[in-house]
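S.K.: what shape does this take:
(chains A and B)
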Amino acid sequence: MSSKSRPARTKREAIAQRKKQQSFVKRYRGMILGIAGVIVFGGLIVVAGLQASANRNDRSLDSSPLDPAVFQSLVSVPNSVFQEIGTGTASNPPQRIQGTSLTEDGKPEILYVGAEFCPFCAAERWPLFLALSRFGSFTGLLESYSAADDSFPNTPTLSFYGSTYQSDYLAFTPVETATNEREGGRYKPLQSLTEEQEGIMFRYNNGGGIPFIYLGGDFILKGANFSPNLLTGLTFEQIADRIGDPSTPLGKAVVGSANVITAALCELTGGEPGSVCQSPEVVSAASRLQ
Amino acid sequence: MSTNRIICLALIAISVVGIAISAYLTTVHYADVELVCTTDGVVNCEEVLTSTYADVAGIPWSLGGIAWFGVTAALAAAALLQRPEAAFVQPAQVAWSLLGIATVVYLVGVELFALEQICLWCTAMHALIVVVFVLHLIREPEMEEA
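M.R.: Residues are numbered from 1 along each chain as shown, chains lettered A, B, ... in the order given. Take a look at the predicted model:
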């Protein structure tokens, strides 16, 4: 009995010894290759899935004409709302400069430089639209969103791209330099600055930050007047409702900013039209101009 | 010279090449100099390396490449010089190259699905990491005599 079991034990010991002598990789090669396979195929599936999900959530790709009801609400904000809000919570008022006069057809020209992906441009378009709408009227505005992968993602806004502005008092030149759509690692280029506009940017906005607004050569406005955060998650109808409501933070920010911009525009137009420029909230907002 | 020693020397040589490419890409990132690479069509190093995926919290992936190839070279050197080889070396090499493979999968996924652009320099690094993984798998450490 013992003579039979002894060779068997020796064989087992020899196998154990050989196993011990095998390298780590030899012992676990199958498992290692399995893990590598899971990493490669699982990883690619996860990355592709995450990208597909990001694309689905990317509201920046939605762009449609501005709802006429929303447009009507915005251009019909009552004077009483402008008066009640005054300068509201507007920050970063236009800075006075003694720049080169910018005109078009004899009218002071407002140059706006922004981009559709930019969340601060998304915020600033609302008060700029509101202010300019007191001097004239827009057509062809689009509903748009800032980029999904930037700060304050998917901030709802109006795109000036393709829009027209008619006014007896002012000319408006919007330049949206890029879309909110990725092309490779960057946003697709949209509009280019003219040589004159590049010269203005170089002189007054050398860092190239956007939004940048050049008001006829008398004022510049860099950045937004309020945080895009106030617009996060809102529909266009909700934005229009809140802008028309003096008790809302968004109303105080947008209408307050619009009043300050309007005060600057009134300096450019020489106080025309009187119905806008002589209104108490605009006269009062002029004191905020630096 | 044993196969193990040849593989260890190859691992060190590959690591040196990997560190050189990573150092070049890191220099381009910080010095803001022009990259030597085509910018036409799908192959566009500049688009990839200046994209929002090119760094993590401001640290470029190429700096991680320097660290990864540095550790790879150190482990290969340990395998080459130690007699007998320390027990931790081969498991560490395998774990390290699996980490490398996972990173390559993520970065290739970003190139293919998010950026839809390929960076040739990055592809060269990815190929080196895959070769390192294969070499780690086929390397047979020199065992202690039984």
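S.K.: do you know the pLDDT at the nearest residue to residue A:261 once chain neighbours are set aside?
M.R.: Spatial nearest neighbour of residue A:261, chain neighbours left out: residue A:131 (4.0 Å); criterion: Cβ to Cβ, 6 or more residues apart in numbering or on different chains. The way it works is simple: take the backbone N, C-alpha and C, and place the C-beta from them, glycine included. Here, the pLDDT recorded for residue A:131 equals 97.
S.K.: for residue A:131, what are its contacts?
M.R.: Contacts here follow Cβ atoms under 8 Å, 6 or more residues apart in numbering or on different chains; on that basis residue A:131 touches A:257, A:258, A:259, A:261, A:262, A:265.
S.K.: mind redoing it with 6 Å?
M.R.: Residues near residue A:131 by Cβ atoms under 6 Å, 6 or more residues apart in numbering or on different chains: A:258, A:261, A:262.
S.K.: list phi and psi for the one residue in the stretch 1-150 of chain A that gets nearest to chain B.
M.R.: The nearest approach of the stretch 1-150 of chain A to chain B comes at residue A:47, 2.9 Å away (Cβ to the nearest Cβ). Dihedral angles of residue A:47 (phi, psi; degrees, to the nearest 10) stand at phi -60, psi -40.
S.K.: for it, give its distance to residue A:137.
M.R.: 48 Å (Cβ to Cβ, to the nearest Å).
S.K.: of those two, who's got more company?
M.R.: residue A:47 (20 against 13; other Cβ atoms under 10 Å in any protein chain shown).
S.K.: ok, that one touching residue B:109?
M.R.: Yes: with contact defined as Cβ atoms under 6 Å, residue A:47 counts as touching residue B:109 (2.9 Å).
S.K.: where do the strands of chain B begin and end?
M.R.: Under the criterion DSSP state E, strands of chain B are mapped to B:55-56, B:59-60.
S.K.: I meant to write chain A there.
M.R.: Under DSSP E, chain A gives strands at A:64-65, A:95-96, A:103-104, A:107-114, A:136-139, A:142-145, A:156-159, A:164-167, A:171-176, A:178-183, A:186-189, A:212-215, A:219-222.
S.K.: quick one: mean pLDDT over the first one.
M.R.: The average of the pLDDT scores along strand A:64-65 is 84.
S.K.: direction included, what does it pair against?
M.R.: Next to strand A:64-65 in the sheet, as set by DSSP bridges, lie strand A:142-145 (antiparallel).
S.K.: buried sites along the partner strand?
M.R.: Counting neighbours by 16 or more other Cβ atoms under 10 Å in any protein chain shown, one finds that the buried residues in strand A:142-145 are A:142, A:143, A:144, A:145.
S.K.: what do you get for stretch B:60-77?
M.R.: Across stretch B:60-77, burial judged by 16+ other Cβ under 10 Å covers B:60-66, B:68-69, B:71-73, B:75-77.
S.K.: just give the number of residues close to the closest residue in space to residue A:23 that isn't next to it in sequence.
M.R.: Leaving aside its chain neighbours, residue A:23 sits nearest to residue B:141 (5.2 Å; criterion: Cβ to Cβ, 6+ apart). Residue B:141 has 21 neighbours, counted by other Cβ under 10 Å.
S.K.: residue A:198 too?
M.R.: Neighbours around residue A:198, by other Cβ under 10 Å: 12.
S.K.: so it versus chain B, what's the distance?
M.R.: Counting by Cβ to the nearest Cβ, to the nearest Å, the gap from residue A:198 to chain B is 21 Å.
S.K.: what do you get for residue A:254?
M.R.: 29 Å.
S.K.: contact partners for the spatially most central residue of chain B?
M.R.: Geometric centre of chain B, nearest residue: residue B:129, 4.2 Å, by Cα atoms, centre = their mean. Neighbouring residues of residue B:129 by Cβ under 6 Å, 6+ apart: B:100, B:104.
S.K.: recalculate using a threshold of 7 Å.
M.R.: B:100, B:101, B:104 (Cβ atoms under 7 Å, 6 or more residues apart in numbering or on different chains).
S.K.: what's the neighbour count on the second one?
M.R.: What it means is residue B:101. Counted with other Cβ under 10 Å, residue B:101 comes out at 20.
S.K.: I'd guessed it sits against residue B:133; true?
M.R.: Yes: Residue B:101 is in contact with residue B:133 according to Cβ atoms under 7 Å; the separation is 5.6 Å.
S.K.: what is in contact with the two at once?
M.R.: With Cβ under 7 Å, 6+ apart as the test, residue B:101 and residue B:133 reach no residue in common.
S.K.: quick revisit: need the contact list for the residue nearest to residue A:23.
M.R.: A:23, B:4, B:79, B:85, B:90.
S.K.: now residue B:73. Nearest residue, chain neighbours left out?
M.R.: residue B:15 (3.6 Å).
S.K.: just checking, that neighbour touches residue B:74?
M.R.: No: using Cβ under 7 Å, residue B:15 makes no contact with residue B:74, being 8.6 Å away.
S.K.: okay, residue A:257 and chain B: tell me how far apart.
M.R.: Taking Cβ to the nearest Cβ as the measure, residue A:257 falls 29 Å from chain B.
S.K.: got a pLDDT number for that residue?
M.R.: Value listed for residue A:257 in the pLDDT field: 96.
S.K.: that one - how many residues pack around it?
M.R.: Close neighbours of residue A:257, defined as other Cβ under 10 Å, add up to 30.
S.K.: quick one: residues contacting it.
M.R.: Applying Cβ under 7 Å, 6+ apart, the residues near residue A:257 are A:90, A:127, A:225, A:226.
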